[in-house]
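[1] Here is my input; please provide its structure:
(2 chains, ligands or ions: 1)
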Amino acid sequence: MPLYHDDDQAMLADSARQFMAEEGSIKKQLRHWRDRDCKDGFGHALWEQFGEMGFTGILVDEDDGGLGMGHVEAGIVLEEIGRNLTPSPFLTSSVLAATALKHGGDDIKGRYLPGLIEGKSVFSVAIDEGPKHRPETIRTRAEKSGNGFRLTGQKDFVLHGASSDMLVVAARTSGSDDEPEGITLFAVPKDAANMSHDAVRLVDSSMATHTKFDGVELDGDAVIGEVDGGREILNAMLKAGRVGAAAEGVGVAGGAMDMTVDYLKQRKQFGKLIGEFQALQHRAAHLYSEVEIARAVVVKAQQLLDGDSEKADLMSSVAKAKVSQAAGLAVREGVQMHGGIGMTDEYDIGLYMKRDRALSEYLGDAYYHAGRVAELSGY
Amino acid sequence: MAEQLESFRKETRDWLEANCPPEMRQPVRDEGDVYWGGRNATFKNDAQKQWFEACRDKGYTVPDWPKEYGGAGLSPAEAKVLRQEMAAINARPPLSSFGIWMLGPALLHFGTEGQKQRFLNEIARGEIRWCQGYSEPGSGSDLVSMQTFGEDKGDHWVVNGQKIWTSYADEADWIFCLVRTDKDDKYKGITFMLFDMASDGVSTKPIKLISGNSPFCETFMDDVKVPKSYGEDVPGYVGEINRGWDVAKYLLGHEREMISATGGGDRATSLGAATSRQGELDPVLRAQMALFDIDALSFTAMSEKFMDELKAGKGHPAQPNMLKYAGTELNKRRNELMMSAGGSTALEWESEETSGGKTARGWLRTKANSIEGGTSEVMLNVIAKRILELPGA
Ligand SMILES: Cc1cc2nc3c(=O)[nH]c(=O)nc-3n(C[C@H](O)[C@H](O)[C@H](O)COP(=O)(O)OP(=O)(O)OC[C@H]3O[C@@H](n4cnc5c(N)ncnc54)[C@H](O)[C@@H]3O)c2cc1C
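    Numbering: from 1, shown residues only, chains lettered A, B, ... in the order given. Okay, here's the model as predicted:
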């Protein structure tokens, strides 16, 4: 498969670009909700519009009412989300949770997918325990209790946790904390007793929670897939989520770079446009190269994932790490080349820097993924 | 379509199995492992000869050139399959040459039918080895300022001047050479000439590199007679007289694309995995290796995307400059890391164990990657100007 968008994908990209620039713009969404101190950090009306566009069910099978598309297509939407810094629960709901639900039975799909597809339900995923992404270790426990389970533990960095209708929680049903097996995924409804959220606003104005499970009683039908069979589903979620976050990161990088290159063509100092200075030209050209390369590896990873390739796991880490480095460069160079105005809240470039920071950390930063690449490559 | 491609893949696999000797499925170790062709070429061993001849007869020295010019006429998709299958068994290129990478593409685009029939076939069959006469002592990055002059004598020019850094000039049979034919017009006063290095008045003097090898030369032209025609429909220049700069630039695009492949291309192995066998990597070096592998795998995807887009007529025409910049900087980093991983063994300059200082010499040679074919700084200038459209660039 060639590494560029086919005609259908190009059409989707056009409509996503137009939609996000109009409806998901920084002014209309990110600043609007931020300045109102919104407890969700995103707009539910926009989420419903995502539903009308079909985006919400983009990865959901057609038989289940979705569009049945792949990660290339989900990535197209994510890149536009990134470019406009559009706050939305798309990545957690439509990519991560949707991937988990793919592995569930008809009952659980029927319970949750219709709400997702309509853009009425919001889902979160609760994986991390502690400030760094270490999904190899899972301490949150689910013990057998009657016909169901009793969930105890704490999860962190649960994006949209307090706003969500259901949380996909990775918990241990057997084995010790570091064992790969013995994990089970649960769909925990928002009104579950003994679950509490400590909601925190993050640097990019999005909302996350530290979520406590203090003996949460769950029915057996809350299990997604098989008991003790959650690691494989979790890995599928992580691959999808990482490639998705990488696609969003390419959008963030591209948005920051375009703003910066435009600025170089407008701002005058010493009687010249600053874009005439070779020192800045070279840095802009280097940045362009890095962003293009990051974009290429994201498409590669998306295609491998869609093709169910063995290499998808390695390349999802490569893509996540590469984008995090390229986008990091884009926002740092962006602020620097804007000079003082780049430090002001009024100007958008700083918002890109904040978003990049949060997105880079989500599902593993570049250092985590570099370690993974070394391990998967056998050194 | 996909089915046809799969059957082509199978055929290719079988053909490679039958025709690519085991010795040719190992990484290139030294210069002798590369077959450049030409009048004076010799094979290092039978396997090299056998592999070259099998490919030549099949058109696989230049798989995507048309059959009538010595290629195999493969479609872009088929050529990609062949590349993948060759990479899968680590097959060496059967023939390397500036004819394939540089002159060939320029002739396919600008050449007359007669030039294509003659020169492309010679290149594809490895009969004539070409060298590139662009740079002069006073004109490197600012190439268009070059001075070598050809005086018009009716049916021929008399060329005088000096070229420098001419790679393999002492081993090449013919040269494609930029010659000024109009002193009053900087850009529209250059002709892209073709002539035999055995012509009277051409002489070369090797220059030794820091890697200890002497693959390039000063090339002197002293009243060299260059015919305007080598026979019917075979002009002694490419494109139009005084419009050689267009050809030169087009060729540079292909050269940059080719040099960028040093950064990864189809190289599948992880640097970290390849070097950690030499001993445990220090943790910080291991981390650098991993960051390198991430960049290398990403760059490989970029190269693949570039090729796919090129074949489909998509993508920015100045993109080879970006690939050249990123690929060569990456290759320099790769070699720095290989030196670090190798420790004191990598410092050995002549020992048998290191195949005559392969790591150290290779490391030094890669420093030229970001100079030859246009420096990294010049690549950044071009990206700034042509892709980002920055002012005054
Ligand atoms: C191994 C090798 C093989 C080669 N093979 C060939 C060959 O076969 N045929 C051939 O014709 N040539 C060949 N070359 C020559 C090569 O193309 C030139 O060396 C190259 O174009 C640079 O020119 P220069 O050496 O004169 O450096 P200069 O142009 O003098 O550059 C010196 C420094 O100044 C920088 N610089 C120059 N201009 C600018 C600018 N505008 N902005 C910012 N920085 C600038 C450069 O980037 C460089 O760092 C080869 C070179 C090498 C190293």
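[2] so how many other residues sit close to residue 144?
    In the absence of a named chain, chain A is used. Neighbour count of residue A:144, defined by other Cβ atoms under 10 Å in any protein chain shown: 12. Backbone N, C-alpha and C define where each C-beta goes, glycine included.
[3] Chain B, not that one
    14.
[4] moving C-terminal of the longest helix seen in chain B, what's the next helix or strand?
    Using DSSP state H, we find that the single longest helix of chain B is helix B:283-311. Per DSSP states H and E, helix B:283-311 leads on to helix B:319-342 as the next helix or strand towards the C-terminus.
[5] Just the C-alpha atoms of that following helix, please, in CSV.
    Below are the C-alpha coordinates for helix B:319-342, written out as CSV (Å, rounded to 0.1, in the frame of the first residue of the first chain):
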residue,chain,number,x,y,z
GLN,B,319,11.6,17.2,-1.4
PRO,B,320,14.9,15.4,-2.3
ASN,B,321,16.8,18.2,-0.6
MET,B,322,15.0,17.5,2.6
LEU,B,323,15.8,13.7,2.3
LYS,B,324,19.4,14.5,1.5
TYR,B,325,19.7,16.7,4.5
ALA,B,326,18.0,14.3,6.9
GLY,B,327,19.5,11.1,5.5
THR,B,328,23.1,12.3,5.5
GLU,B,329,22.9,13.8,9.0
LEU,B,330,21.5,10.5,10.2
ASN,B,331,24.2,8.5,8.6
LYS,B,332,26.9,10.6,10.3
ARG,B,333,25.2,10.0,13.6
ARG,B,334,25.0,6.2,12.9
ASN,B,335,28.7,6.1,12.3
GLU,B,336,29.5,8.1,15.4
LEU,B,337,27.5,5.6,17.4
MET,B,338,29.2,2.7,15.7
MET,B,339,32.6,4.1,16.7
SER,B,340,31.5,4.5,20.3
ALA,B,341,30.0,1.0,20.4
GLY,B,342,33.2,-0.4,18.9
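[6] For it, name the packing helices and strands.
    Counting contacts by 3 or more Cβ pairs under 8 Å, 6 or more residues apart in numbering or on different chains; DSSP states H and E, helix B:319-342 packs against helix A:278-306, helix B:244-260, helix B:271-276, helix B:283-311, helix B:358-366, helix B:376-382.
[7] Spell out the secondary structure type for the closest residue to residue B:66 other than its chain neighbours.
    Spatial nearest neighbour of residue B:66, excluding adjacent residues (Cβ to Cβ, 6 or more residues apart in numbering or on different chains): residue B:73 at 5.3 Å. On the three-state scheme (DSSP: H, G, I helix; E, B strand; the rest coil), residue B:73 is labelled coil.
[8] which ones are touching the closest residue to the ligand within chain B?
    Ranking the residues of chain B by distance to the ligand (Cβ to the nearest ligand atom) places residue B:140 first, at 1.7 Å. Residue B:140 is in contact with residue B:165, counting by Cβ atoms under 8 Å, 6 or more residues apart in numbering or on different chains.
[9] now do 7 Å
    Residue B:140 makes no contacts at all, as judged by Cβ atoms under 7 Å, 6 or more residues apart in numbering or on different chains.
[10] Could you measure from it over to residue B:42?
    33 Å (Cβ to Cβ, to the nearest Å).
[11] wait, residue A:151 sits on residue A:144?
    No: the criterion here is Cβ atoms under 7 Å, and residue A:151 misses it with residue A:144 at 11.4 Å.
[12] What are the buried residues along stretch B:91-111?
    For stretch B:91-111, burial by neighbour count (16 or more other Cβ atoms under 10 Å in any protein chain shown) applies to B:91-108, B:110-111.
[13] taking those one by one, which sit in helices?
    Reading helices off those with DSSP H, I get B:98, B:104-108, B:110.
[14] Which single one of these is nearest to chain A?
    Nearest to chain A among these is residue B:105, at 20.7 Å by Cβ to the nearest Cβ.
[15] wait, isn't the residue nearest to residue B:66 in contact with residue B:63?
    No: using Cβ under 7 Å as the test, residue B:73 is too far from residue B:63 to be in contact (8.4 Å).
[16] So which of those two has more stuff around it?
    With neighbours defined as other Cβ under 10 Å, residue B:73 and residue B:63 compare such that residue B:63 has more, 20 against 14.
[17] Okay, and the more buried one sits in which element?
    Per DSSP H and E, there is no helix or strand for residue B:63.
[18] now do residue A:155
    Using DSSP H and E, residue A:155 falls in strand A:148-159.
[19] Apart from its neighbours in sequence, what residue is nearest whichever residue of the stretch 1-150 of chain A sits closest to the ligand?
    Nearest residue of the stretch 1-150 of chain A to the ligand (Cβ to the nearest ligand atom) works out as residue A:3 at 30.1 Å. Spatially, and ignoring its direct neighbours in sequence, residue A:3 is nearest to residue B:305 (3.8 Å; Cβ to Cβ, 6+ apart).
[20] for that neighbour, what are its contacts?
    Here residue B:305 is in contact with A:3-4, A:296, A:299 (Cβ under 7 Å, 6+ apart).
[21] for residue B:56, same thing?
    B:125-126.
[22] what are the phi and psi angles of it?
    phi -60, psi -50 (degrees, to the nearest 10).
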